[in-house]
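Trainee: The sequence and its predicted three-dimensional model are supplied below.
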Amino acid sequence: MTPPDATRSEFHRPERVETIGEGKRSIAVAANAAERAALATRFGLIEIVRLNGDYSVARTPAGIVAEGRVTADVIQACVATGEPLSARIDEQVALCFVADTPADPPAEEIELSLDALDIIPFDGGAIDLGEATAETMALALEPFPRSPNAEAILRKAGVLAEEEAGPFGALAGLKAKLEEKKP
């Protein structure tokens, strides 16, 4: 997921790399109303009520490591009915921003625990904690949200359930018709 304009996202919170030392530093980012509205459009949401990222950031030999939490309150549309559904996001994050310099391979191989860190390449002199927060929120969303009323509304509209629509569902319907004809 990249922003429409790859040079600047809707929720741009750059941290200059030269200001990040080896000691951990706390950085908090919060999207304002205009940024939340633009991100809601980008990610196909009805609304983003709140979006925050709280990070502990430090420079390591592997890159810039940001650990923390992304929290958000969003309103998604039910995939079946379009009804608005509230969702709360509360995700622990561990990110490693690495310089995107393919021409300069590292002098020595650095071993990272890849299962613990998400690797994010960056170019230029800054990492973007706003974009990282937005993408973390988007990845944490329920991909196919369904309202509690979805099944009843779909049935009323004549949509068959998965088990009824498959090949065995058709055989069950045939069996029922044959049993109706028995004397």
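Mentor: Received it, and whenever you're ready, just let me know what you need. Numbers count the residues shown, from 1 in each chain.
Trainee: What are the phi and psi values at residue 62?
Mentor: Dihedral pair for residue 62: phi -80, psi -30, per degrees, to the nearest 10.
Trainee: ok, now residue 180?
Mentor: Backbone torsions of residue 180, given as degrees, to the nearest 10, read phi -70, psi -30.
Trainee: How many neighbouring residues does it have?
Mentor: Other residues within reach of residue 180, judged by other Cβ atoms under 10 Å, total 7. No exception for glycine: its C-beta is placed from N, CA and C like everyone else's.
Trainee: got it, and residue 10?
Mentor: Residues near residue 10, counting by other Cβ under 10 Å, number 21.
Trainee: can you tell me which residues contact it?
Mentor: Shown in contact with residue 10 (Cβ atoms under 8 Å, 6 or more residues apart in numbering): 3, 35, 38, 39, 42, 134.
Trainee: Can you pick out the most distant pair from the residues you listed?
Mentor: 3 and 35 (11.2 Å; Cβ to Cβ).
Trainee: circling back: nearest to residue 124, of the contacts of residue 10?
Mentor: residue 3 (14.7 Å).
Trainee: Show the pLDDT at the closest one.
Mentor: According to the prediction, residue 3 has pLDDT 48.
Trainee: cool, residue 36 as well?
Mentor: 97.
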